[in-house]
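Student: coordinates only, sequence not included:
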């Protein structure tokens with residue numbers, strides 16, 4: 001290929017394809033550049049119009065949008081700088097209830113105070129069992145009971161009867177036996193003894209002795225004195 005030289009101000013410019021000056025090569029600040037590439041954009045100053053374009057963004061890993069490295073997205077802290085917990089199955093908020101520093105079961109309530117606490121039971125059906133309806137005070141006396149002999153105080157229930165206590169006294173020491181059940185099949189429920197220094201006994205039944213219609217209660221008083229005595233007994237109970 002022939003050389004072509006152009007004279008300008010008594011100097012010549014060589015526009016041939018020397019190895020260091022290829023036709024079409026672009027340089028910036030002495031360095032070759034690719035015309036297909038653009039420089040790195042600056043976030044604060046460069047603008048790119050993407051109107052009408054579909055933008056796809058891929059994010060890998062959790063994004064921390066809080067102001068501390070230990071507070072990842074989804075973790076909530078309370079006023080004491082502690083994480084608020086969740087239940088492991090349904091992810092409900094897990095809390096503990098306390099009065100002062102003492103934890104308590106949220107399913108239970110304190111003992112109610114009759115004079116100050118009120119419970120609204122409007123619209124509720126209240127069933128109350130074992131309300132006494134008819135109190136019973138059945139008295140019996142026998143006189144001149146011979147030594148070793150007995151006096152029997154008998155009471156037959158006419159409904160659902162609850163025996164609460166028996167009182168027995170005499171002019172001398174006694175053996176007291178309490179029996180109950182079906183007539184002629186009564187079984188012993190309690191035996192007690194009075195003494196010369198304590199001739200009156202009050203026998204209380206913490207769990208009321210129960211009789212149904214037709215069943216019989218017997219209080220058998222046996223004279224333990226060496227002479228005849230007088231005996232007295234009272235049956236206390238109620239029907240429900």
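Tutor: Sure, I can see it. This structure is a prediction, so every number in the text was calculated from the model and none was measured.
Student: what sits against residue 221?
Tutor: Contacts were defined as CB atoms under 8 Å, 6 or more residues apart in numbering; by that measure residue 221 touches 142, 145, 150-153, 168, 170, 174-176, 231, 233. Backbone N, C-alpha and C define where each C-beta goes, glycine included.
Student: now a ChimeraX select for only the buried ones of those.
Tutor: Buried members of the contacts of residue 221, defined by 16 or more other CB atoms under 10 Å, are picked up in ChimeraX with:
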select :142,145,151,153,168,170,174,176,231,233
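Student: next structured bit after the helix or strand containing residue 176?
Tutor: Taking DSSP states H and E as the criterion, residue 176 maps to strand 174-181. Later in the chain than strand 174-181, the nearest helix or strand by DSSP H and E is strand 187-193.
Student: what's in contact with that following strand?
Tutor: Taking CB under 8 Å, 6+ apart as the rule, strand 187-193 contacts 173-181, 201, 203, 209, 224.
Student: what pairs with the next helix or strand after that strand, parallel or antiparallel?
Tutor: Moving toward the C-terminus from strand 187-193, the next helix or strand (DSSP H and E) is strand 200-211. Taking DSSP bridges as the criterion, strand 200-211 sits next to strand 161-170 (antiparallel) in its sheet.
Student: quick one: the partner strand to strand 174-181, angle?
Tutor: Angle between the axes of strand 161-170 and strand 174-181 is 160 degrees (criterion: axes from the mean of the first three to the mean of the last three CA atoms, to 10 degrees).
Student: now the angle from strand 161-170 to strand 187-193?
Tutor: 30 degrees.
Student: return the distance of strand 161-170 from the chain's centre.
Tutor: With CA atoms, centre = their mean, to the nearest Å as the basis, strand 161-170 stands 43 Å off its chain's centre.
Student: ok now do residue 209, which residues does it touch?
Tutor: Contacts of residue 209 (CB under 8 Å, 6+ apart): 162, 163, 178, 180, 189, 217.
Student: if we go to 10 Å?
Tutor: 161, 162, 163, 164, 165, 166, 178, 180, 189, 190, 217, 237 (CB atoms under 10 Å, 6 or more residues apart in numbering).
Student: and the residue positioned nearest the centre of the chain, what pLDDT?
Tutor: The chain has residue 107 as the residue nearest its centroid, 3.1 Å off, counting by CA atoms, centre = their mean. According to the prediction, residue 107 has pLDDT 76.
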